[in-house]
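Undergrad: What shape does this take:
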Amino acid sequence: MSAEVAKIPQGFHALTPHLVVNDSKKAAEFYKKAFGAEILGMASMPNGVVMHAAARIGDSILMFNDEFPDYGVFLPTTTKGDTSVTVHLYVEDADKVYASAVAAGATPTMPLMDQFWGDRYGKVKDPFGHTWAIATHIKDMTPEEMKVAQDEAMAKMPSRS
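TA: This next block holds a predicted model:
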């Protein structure tokens with residue numbers, strides 16, 4: 001009889017992003033340079049298409065694979081639309097990671113700034129069409145403090161109507 005199997009594999013959390021990219025080998029290099037990823041493995045089909053790859057970023061796992069149009073698996077840029085998904089990455093130094101991501105080829109979409117909810121936060125789009133929010137928590141706030149800060153921030157925003 002075999003030993004009890006962990007219901008969630010070691011090193012994983014309950015939620016794990018799984019992204020579709022157009023070149024998993026290039027994506028692996030980007031994720032290493034941009035986010036300090038450790039590539040855990042990559043499985044390719046005989047034709048070289050990567051059907052599964054995994055990387056560790058911080059204490060979490062990111063899975064990714066090449067697109068498979070024949071099976072309806074596309075990356076955001078293939079469908080000519082942006083994904084509505086954002087991968088949120090908490091790091092020790094948001095400025096350093098944001099700069100590394102841009103240097104590795106990401107496009108800034110929201111400048112890194114101190115935000116009303118207590119994070120230093122900004123967004124980039126990776127070369128494969130995925131949005132990454134990069135944040136460092138810089139201030140603990142009570143719900144009441146956050147509400148006051150939110151109201152102040154919203155009052156300063158220009159009207160969209």
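Undergrad: Distance from the chain centre to stretch 111-129, please.
TA: Once both centres are worked out by CA atoms, centre = their mean, to the nearest Å, stretch 111-129 turns out to sit 11 Å from its chain's centre.
Undergrad: go on, stretch 52-68?
TA: Using CA atoms, centre = their mean, the offset of stretch 52-68 from its chain centre is 10 Å.
Undergrad: How far does the helix or strand containing Lys32 sit from its chain's centre?
TA: Using DSSP states H and E, Lys32 maps to helix 24-35. Computed by CA atoms, centre = their mean, the chain-centroid distance of helix 24-35 equals 12 Å.
Undergrad: Mind giving me the packing neighbours of it?
TA: strand 38-44, strand 50-57, strand 60-66, helix 94-103 (3 or more CB pairs under 8 Å, 6 or more residues apart in numbering; DSSP states H and E). C-beta coordinates here come from the backbone N, C-alpha and C atoms, glycine included.
Undergrad: if you set the cut-off to 10 Å instead, what comes out?
TA: Secondary-structure packing of helix 24-35 (3 or more CB pairs under 10 Å, 6 or more residues apart in numbering; DSSP states H and E): strand 18-21, strand 38-44, strand 50-57, strand 60-66, strand 86-90, helix 94-103, strand 131-137.
Undergrad: Kindly reformat those as a markdown table containing mean pLDDT.
TA: Shown next, in a markdown table, are the helices and strands packed on helix 24-35 (pLDDT from 0 to 100):
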| stretch | mean pLDDT |
| --- | --- |
| strand 18-21 | 91 |
| strand 38-44 | 94 |
| strand 50-57 | 94 |
| strand 60-66 | 94 |
| strand 86-90 | 91 |
| helix 94-103 | 97 |
| strand 131-137 | 93 |
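Undergrad: quick one, what contacts the residue lying closest to Ala101 once chain neighbours are set aside?
TA: Once flanking residues are discounted, Ala101 sits nearest to Ala34: 4.0 Å by CB to CB, 6 or more residues apart in numbering. Counting by CB atoms under 10 Å, 6 or more residues apart in numbering, Ala34 makes contact with 57, 89, 97-106, 124, 126-127, 132, 134.
Undergrad: so is the closest residue to Pro76 other than its chain neighbours in a helix, a strand, or just coil?
TA: Using CB to CB, 6+ apart and skipping the chain neighbours, the partner closest in space to Pro76 is Gly129 (3.6 Å). Classification of Gly129 using DSSP: H, G, I helix; E, B strand; the rest coil returns coil.
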